[in-house]
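Novice: Got a predicted model here, sequence first, then my questions.
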Amino acid sequence: MLSPNIETFLGCDADYASADLVLFGAPFDSTTSYRPGARFGPSAMRHESFGLETYSPYQDTDLTDFSIFDSGDLELCFGSSELALDAIQERAETILSDGKLPLLIGGEHLVTLGAVRAALNHFPDLHMIHFDAHADLRQEYLGVQLSHACVLRRCHDLVGDGRIHQFCIRSGDREEFRFANAHTDMHKFSFDGLEEVVQALLNDGTPVYFTIDLDCLDPSCFPGTGTPEAGGVDFPSLLRAIQLVSRTNVVAADVNELAPMLDTSGASTALACKVLRELMLALERNRNK
């Protein structure tokens, strides 16, 4: 299963045995509620990553300084969300069982649930840090509970109150915000409060699942996503936030909701590649202190 991939993300061509961070793609968008296309995100990011350098001047670090393995995309069942989530969970379980950090590339945001299920099996005191434009806290969407509009509600079913920390949220129905007021730690519109959350998690050594929905970015710089929402953050703000969260005990992470064909300029895919590069470097710097 975990064999070399033909086209890897730039600089992520170590062998599996030596790697301590493992990429895998989940090309799934069957529950997308507005504009589909996120299933093409992982392959587009691999292909376009070669427009980047492996070196980051932001962090003075290079991908070649670390051993990162790209295990390729899963072959997922588009007719069954549960079967797709099972496959994602199985891959994340394998990586975690081998003492490595799984980094999932979506795909729509529902894919996060499979990786969170795996992480909870290894880290029962898991907290989540969630960057997104949308609350994703609906109990159901059009009668379906396994939807990208419900993914953080399903995660809450697993982790419980006070363990989901949400940032940049600027969209959702009234009941989602009422639910958040009672059950999650929501910070609307920006990264205000992130430093305090990170410090508290650092003090406790708490294991963290870090999920980045790229539509936290403003559509003026990231239009290539299924549900764009005005009023988002810019790339430098996201980069600072990623570096901050990566100081915590991140045990698994994901980047999701790039729909490359919705931005034919390629700018959204290029930005997503840069986010992924910076996330990997920040995580690896922290793990190799």
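Specialist: Yep, that arrived.
Novice: For the longest helix anywhere in the chain, enumerate the helices and strands it packs against.
Specialist: Identified as the longest helix of the chain according to DSSP state H is helix 267-287. Contact partners of helix 267-287 among helices and strands, from 3 or more Cβ pairs under 8 Å, 6 or more residues apart in numbering; DSSP states H and E: strand 21-26, helix 41-48, strand 55-56, strand 61-62, strand 101-106, helix 235-245, strand 249-256. For the C-beta atoms, the positions are set from N, CA and C on the backbone; glycine is no exception.
Novice: Dump these into a markdown table; add distance to H127 and mean neighbour count as well.
Specialist: Formatted as a markdown table, the helices and strands packed on helix 267-287 follow (distance: least, Cβ to Cβ, whole Å; neighbours: other Cβ atoms under 10 Å):
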| stretch | distance to H127 | mean neighbour count |
| --- | --- | --- |
| strand 21-26 | 20 | 26 |
| helix 41-48 | 26 | 22 |
| strand 55-56 | 27 | 18 |
| strand 61-62 | 26 | 17 |
| strand 101-106 | 16 | 26 |
| helix 235-245 | 11 | 18 |
| strand 249-256 | 9 | 24 |
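Novice: and F123, which of the ones you listed is closest to it?
Specialist: Relative to F123, the nearest member of those by Cβ to Cβ is strand 249-256, separated by 5.6 Å.
Novice: Counting by contacts, list what the closest one packs against.
Specialist: helix 81-97, strand 101-106, helix 111-122, strand 207-213, helix 267-287.
Novice: okay if I get the helices and strands packed on helix 267-287 as CSV plus mean pLDDT and distance to L202?
Specialist: Shown next, in CSV, are those (pLDDT from 0 to 100; distance: least, Cβ to Cβ, whole Å):
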stretch, mean pLDDT, distance to L202
strand 21-26, 98, 20
helix 41-48, 96, 30
strand 55-56, 98, 23
strand 61-62, 96, 21
strand 101-106, 97, 17
helix 235-245, 98, 10
strand 249-256, 98, 8
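Novice: now these as a markdown table including distance to T112?
Specialist: Formatted as a markdown table, these follow (distance: least, Cβ to Cβ, whole Å):
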| stretch | distance to T112 |
| --- | --- |
| strand 21-26 | 9 |
| helix 41-48 | 13 |
| strand 55-56 | 25 |
| strand 61-62 | 26 |
| strand 101-106 | 7 |
| helix 235-245 | 15 |
| strand 249-256 | 5 |
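Novice: Who are the contact partners of S56?
Specialist: 62, 277-278, 281 (Cβ atoms under 8 Å, 6 or more residues apart in numbering).
Novice: on that earlier part again, just tell me which of the helices and strands packed on strand 249-256 ends up closest to F235.
Specialist: Nearest to F235 among these is helix 267-287 (6.3 Å), distances taken as Cβ to Cβ.
Novice: Closest to the centroid, which residue in the protein?
Specialist: In the chain, the residue lying closest to the centroid (Cα atoms, centre = their mean) is D254, at 2.4 Å.
Novice: you'd agree R46 is up against F40?
Specialist: No - using Cβ atoms under 8 Å, R46 is not in contact with F40; the gap is 11.0 Å.
Novice: ok so S220 is a helix residue?
Specialist: No - S220 is assigned coil when assessed by DSSP: H, G, I helix; E, B strand; the rest coil, not a helix.
Novice: Could you report the neighbour count for it?
Specialist: Each residue near S220 was counted by other Cβ atoms under 10 Å, and the total is 10.
Novice: Relative to L239, how far out is it?
Specialist: According to Cβ to Cβ, to the nearest Å, S220 and L239 sit 17 Å apart.
Novice: What of F40?
Specialist: Between F40 and L239 the computed distance is 24 Å (Cβ to Cβ).
Novice: remind me which residues of this structure are low pLDDT?
Specialist: Low-confidence segments of the chain, defined by pLDDT under 70: 1-5.
Novice: To which secondary structure element type does D136 belong?
Specialist: Three-state call for D136 (three-state DSSP): coil.
Novice: start at 63 instead
Specialist: In the new count, where the first residue is 63, that last one comes out as D198.
Novice: Give me the nearest residue to it, chain neighbours excluded.
Specialist: With sequence-adjacent residues excluded and distances taken as Cβ to Cβ, 6 or more residues apart in numbering, D198 is closest to L214, at 4.1 Å.
Novice: For D277, list the residues it contacts.
Specialist: The contact partners of D277, taken as Cβ under 8 Å, 6+ apart, are 194-196, 284, 287-291, 294, 319.
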